[in-house]
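Chemist: Task: produce atomic coordinates for the following.
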Amino acid sequence: MTTDEPGARIHSTDPFAVPEGEKSQVRRLRGRFAAPVTLWTTPGPAGLTVSSAMIADGDPGRVLGLIDEESDFWDAVSAAGRFAVTPLGPDDRQLADRFAGLFPSPGGLFAAGEWEQTGYGPVPAHATIWAGCTLDSSRPCGWAVLLDGVIETVRTGSAGRPLVHYRGRYTELA
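Modeler: Sure, this is the predicted structure:
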């Protein structure tokens with residue numbers, strides 16, 4: 001998941017990627033599903049780039065995400081019980097890489113850029129779309145923890161093109 005922007009890479013390849021010959025068939029299948037790139041943040045603050053996420057409409061609406069249980073985000077959201085989910089756009093590639101641990105973050109993850117402080121966690125100031133959620137439940141699921149959150153508030157502004165993760169790389173819709 002390195003960025004395609006010239007001069008912005010810290011590695012020529014993803015240092016965390018599983019070598020092609022060692023990937024399971026399920027992982028290969030998962031890689032062929034295009035997924036939105038989102039930023040999950042929580043008071044603390046802590047944050048994580050998440051592409052294994054889904055929004056479920058209903059009363060109440062829900063957000064589901066696969067979260068690395070060893071991440072600082074998981075520790076922080078477990079303690080805070082609330083979090084924000086922000087879909088990212090093509091101009092957010094470095095932001096996505098920073099919160100994925102693939103791009104340097106001198107001074108911490110939230111040191112660069114402008115942030116709007118919310119009761120659910122910091123949200124990028126330029127974000128026109130985000131959801132404020134409370135943690136409802138979690139359980140082990142494959143390599144991660146399946147986080148189930150209740151959506152309490154939604155900001156829907158102008159929708160630009162989404163940043164998409166497909167076969168280990170960022171792309172965007174045409």
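Chemist: Can you report how many residues lie near Gly107?
Modeler: By other CB atoms under 10 Å, the residues close to Gly107 number 8. All C-beta atoms are positioned from the backbone trio N, CA, C, and that covers glycine.
Chemist: any idea of the pLDDT on it?
Modeler: You'll see Gly107 listed with a pLDDT of 90.
Chemist: Report all helices and strands that the longest helix anywhere in the chain contacts.
Modeler: Taking DSSP state H as the criterion, the chain has its longest helix at helix 72-80. Applying 3 or more CB pairs under 8 Å, 6 or more residues apart in numbering; DSSP states H and E, one finds that helix 72-80 makes contact with strand 38-42, strand 46-50, strand 62-67, strand 129-141.
Chemist: cutoff 6 Å now
Modeler: Applying 3 or more CB pairs under 6 Å, 6 or more residues apart in numbering; DSSP states H and E, one finds that helix 72-80 contacts strand 38-42, strand 46-50.
Chemist: Compile the ones you listed into TSV and extend it with columns for distance to Trp115.
Modeler: Below are the helices and strands packed on helix 72-80 laid out as TSV (distance: least, CB to CB, whole Å):
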stretch	distance to Trp115
strand 38-42	9
strand 46-50	10
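Chemist: Columns mean neighbour count, mean pLDDT and distance to Arg32 on top of those strands, output as JSON lines?
Modeler: Listed next are those as JSON lines, based on neighbours: other CB atoms under 10 Å; pLDDT from 0 to 100; distance: least, CB to CB, whole Å:
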{"stretch": "strand 38-42", "mean neighbour count": "27", "mean pLDDT": "98", "distance to Arg32": "19"}
{"stretch": "strand 46-50", "mean neighbour count": "25", "mean pLDDT": "97", "distance to Arg32": "19"}
